[in-house]
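1. Sharing a model prediction with you, sequence too.
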Amino acid sequence: MSNAQRPTYSYRSMTAADVPSAHALSVQLKWPHRLEDWAMLQRVAHGFVVEDQGRVIGSAFTCPQGGHATIGLVIVSDEYQGQGIGRKLMELAIEACGTRTAILNATLAGAPLYASQGFVDFGHVQQHQGQARVPALQALAAGEHCRALTSADNARLIQLANAGSGLDREALLTDLFEVVEHSVGIERDGQLCAFALLRPFGRGRCIGPVVAQTAEQARHLITQLLARVPDAFVRIDIPVHTDLAPWLEDAGLKQVDSVAQMARGTPPQPSGGVQQFALATQAVG
């Protein structure tokens, strides 16, 4: 096709009014995101859409989180593949990062495009889901106890989430707090040192983020949340290095997918003796 014959598409920032059309793109891919999941991302991130004569045919998001920005939900409708639309959306998303380091979780199909734009693998995330069998509750270390959380704990949860992820999670978690169904934390010497959240997402519930000092704490928190929704469909996305996968498999949460963690610069690093054992979502890390 000559340049004169090539169609002209319109790229612009996403608005709340675009969310239903953008959600329809993920439905076409059989991704489980609900309309509410898209709306959350539109509130906390800078979204982009591309239109063909007023019809939304592609999307992308950039979510600033301190010195880094996560890029997610980069989608181009099937019939428009191969025309450079995905590359243009990525260029807009990267530009929106400004001086922040761009990071993302790449599907197998998307990884070559991201690699061509300077992204390098730094890990992998496994998606586990299913109707879980509630595992036996592991005992905590001496001096630790688990309790339900309240809004009075929110400031401390943000501190832990920032340290565990290496990102600034305040805007994201402030939004998520409004929809959390259950939240639990581990306290030692009067100070929260680990937490986990459960909320509606996709086909059922999502557990995440989970931030803890040890895998034993993370398993205890996850078990506490699973016990609160014994009949629910649950999803959890874990970095591979956490070594939670065999335990989740035994609990009935089977691995169904894996994505590559990629960065265009130095990846975020945990600090303060905690780490992130489960993501909030793949789109925002």
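-> Good, I have the coordinates.
2. Next one, pLDDT for the closest residue to I85 other than its chain neighbours please.
-> The shortest distance from I85 to any non-neighbouring residue, by C-beta to C-beta, 6 or more residues apart in numbering, is to V76 (4.8 Å). (C-beta placed from N, C-alpha, C; glycine too.) With respect to pLDDT, V76 has a value of 96.
3. Report the contact partners of V76.
-> Counting by C-beta atoms under 8 Å, 6 or more residues apart in numbering, V76 touches V50, I57, G58, I85, G86, L89.
4. how close does it sit to V259?
-> 18 Å (C-beta to C-beta, to the nearest Å).
5. Same question for H46.
-> Applying C-beta to C-beta to H46 and V259 gives a distance of 22 Å.
6. all strands for the stretch 101-250 of the chain, in order.
-> 101-106, 120-131, 144-148, 182-188, 191-201, 204-212, 233-239 (DSSP state E, counting those that start in this stretch).
7. Which strands and helices lie in contact with the first one?
-> This means strand 101-106. strand 68-76, strand 254-263 (3 or more C-beta pairs under 8 Å, 6 or more residues apart in numbering; DSSP states H and E).
8. now do the second one
-> For strand 120-131, the packing partners by 3+ C-beta pairs under 8 Å, 6+ apart come out as strand 233-239, helix 245-250, strand 254-263.
9. In the sheet, which strands lie alongside the next helix or strand along the chain from the last one, parallel or antiparallel?
-> Towards the C-terminus, the helix or strand next in line after strand 254-263, according to DSSP states H and E, is strand 275-278. Taking DSSP bridges as the criterion, strand 275-278 forms sheet pairs with strand 204-212 (antiparallel).
10. Output the helices and strands packed on strand 120-131 in TSV; the columns should cover mean pLDDT and mean neighbour count.
-> As requested, those are exported to TSV (pLDDT from 0 to 100; neighbours: other C-beta atoms under 10 Å):
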stretch	mean pLDDT	mean neighbour count
strand 233-239	97	22
helix 245-250	97	15
strand 254-263	97	17
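11. Distance to F177 added to the ones you listed, as CSV?
-> Compiled in CSV, the helices and strands packed on strand 120-131 are given as follows (distance: least, C-beta to C-beta, whole Å):
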stretch, distance to F177
strand 233-239, 19
helix 245-250, 25
strand 254-263, 25
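12. Tell me which of these lies nearest to T101.
-> Nearest to T101 among those is strand 254-263 (6.2 Å), distances taken as C-beta to C-beta.
13. Please list the residues outside the closest one that contact it.
-> 101-107, 111, 114-115, 119-130, 239-240, 245, 248-249, 267, 282.
14. Buried ones among those residues?
-> Among these, those classed as buried by 16 or more other C-beta atoms under 10 Å are 102-106, 111, 114, 119, 125-130, 239, 248, 267, 282.
15. hang on, the earlier thing: figure out which of the strands of the stretch 101-250 of the chain is closest to E95.
-> Nearest to E95, of these and by C-beta to C-beta, is strand 101-106 at 9.9 Å.
16. List the neighbouring strands of that closest one plus their orientation.
-> strand 68-76 (parallel), strand 254-263 (antiparallel).
17. so can I have a markdown table of these showing distance to A22?
-> Below are the strands paired with strand 101-106 laid out as a markdown table (distance: least, C-beta to C-beta, whole Å):
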| stretch | distance to A22 |
| --- | --- |
| strand 68-76 | 8 |
| strand 254-263 | 20 |
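18. For F233, which residues are in contact?
-> Q129, G130, Q131, R203, G204, R205.
19. So the residue nearest to S77 when sequence neighbours are not counted versus T8, what's the distance?
-> Spatial nearest neighbour of S77, chain neighbours left out: I57 (4.4 Å); criterion: C-beta to C-beta, 6+ apart. Distance of I57 to T8, given as C-beta to C-beta: 13 Å.
20. cool, and V274?
-> 49 Å.
21. Same drill for these two, tell me which one is more crowded.
-> Ranked by neighbour count (other C-beta atoms under 10 Å), V274 and T8 place V274 first, with 22 against 6.
22. count of residues packed around the closest residue to the more buried one other than its chain neighbours?
-> The spatially closest residue to V274, leaving aside those adjacent along the chain, is G164, at 4.5 Å (C-beta to C-beta, 6+ apart). Neighbourhood size, G164 [other C-beta under 10 Å]: 25.
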